[in-house]
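Student: predicted structure and sequence below. I'll ask about it afterward.
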Amino acid sequence: MIALLLLLALFGALGWAWVRSQPPAQRRRAAVMLVATGGVLVLVYLTLSGRFYLVLGLLAGLLPLARRILPGLVLGRLFRGGIPGMGSRTQPKTGNTSRVATSILEMTLDHDSGDMSGRILAGPMSGRELSELGEAEFIELLGYCRQSDEDSARLLESYLDRRFGDSWREDDPRATDEGAQTGNEDGGRSLSEQDALEILGLEQGATREDIVQAHRLMMQKMHPDRGGSTYLAALINRAKDVLMK
């Protein structure tokens, strides 16, 4: 049993480090996978060692508690998500994330937490997550974006503003009054209908009510007065305009 506890401690430490290395939007799923994998490994160990009766005893002890808790969880899920087949007016059909992509960057916004995560699609750092970069690498990436794609530069500035506030601009070589405002407009960026749907976290067939509600919820997360950026707010407004036509 001591060996099992030591193995569980090692598995937990390595697993937790792996979960922390995931993008913020994927950490919840990674944690669930970690717990599920650990549970399966424990069951296999107890079965092979002839101690599966311990699991049966634990399940028997938890059964009365499960009978009291599960009905409440089911009702809570129904009230949060609506009854299948009957629709719901309390929750927008927006999914959990929104996605904005340029030629160099791909950003994902978690609707629940408001966290932004990003991945580099092109350039010298292609394939890396923004969460992996150090301060000097961010400035290097920003310089590359400014030389290659204006939309990517504005999107990265919005990410940096949301993650670090204005402090990163102290290390920005172009931290002039003009440069500090680079990320404040969407630059008239053209959006396809699919781009607009991804920005608002919607799917094909979304109703006007879905669009309005998704726009409102996104603005609550990304409005400049609430820690967002003018660039992203303008992009969200443009996405709504495209879908409402």
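Tutor: Everything's here; your move. Note that the structure is a prediction, hence the values are computed from the model and not measured.
Student: all strands for this protein, in order.
Tutor: Assignment of strands within the chain using DSSP state E yields the ranges 97-101, 105-110, 116-120.
Student: and these: which comes nearest residue 243?
Tutor: The stretch from the strands of the chain with the least distance to residue 243 (CB to CB) is strand 97-101; that distance is 13.1 Å. C-betas here are computed from N, CA, C, even on glycine.
Student: residues contacting the closest one, please?
Tutor: Identification of contacts with strand 97-101 by CB atoms under 8 Å, 6 or more residues apart in numbering yields 25, 106-111, 121, 155, 195, 198-201, 218, 232, 235.
Student: buried only: go through those residues for me.
Tutor: Buried members of the contacts of strand 97-101, counted by 16 or more other CB atoms under 10 Å: 25, 106-111, 155, 195, 198-201, 218, 232, 235.
Student: what's the lowest-pLDDT member of those residues?
Tutor: Model confidence across these bottoms out at residue 25, which has 53.
Student: how close does residue 153 sit to residue 203?
Tutor: Shown here: residue 153 relative to residue 203, a distance of 30 Å by CB to CB, to the nearest Å.
Student: more neighbours, these two?
Tutor: The neighbour count for residue 153 versus residue 203, taken as other CB atoms under 10 Å, is higher for residue 153 (26 against 12).
Student: quick one: the spatially closest residue to the more buried one that is not a sequence neighbour from residue 162, how far?
Tutor: Beyond its immediate neighbours in the sequence, the residue positioned closest to residue 153 (CB to CB, 6 or more residues apart in numbering) is residue 145, lying 4.0 Å away. According to CB to CB, residue 145 and residue 162 sit 16 Å apart.
Student: before we move on, what about residue 38?
Tutor: Following CB to CB, the distance that separates residue 38 from residue 162 is 34 Å.
Student: list the contacts of stretch 121-137.
Tutor: The set of residues that contact stretch 121-137 without belonging to it, under CB under 8 Å, 6+ apart, is 23-24, 101-106, 117-120, 138, 140-141, 144-145, 148, 159, 168, 171.
Student: from the residues you listed, which would you call buried?
Tutor: With neighbours counted by 16+ other CB under 10 Å, these contain buried members at 23, 101-102, 104-106, 117-120, 138, 141, 144-145, 159, 168.
Student: how is this protein divided into domains?
Tutor: In the assignment given by automatic domain parsing, the structural domains of the chain cover 2-81, 97-244.
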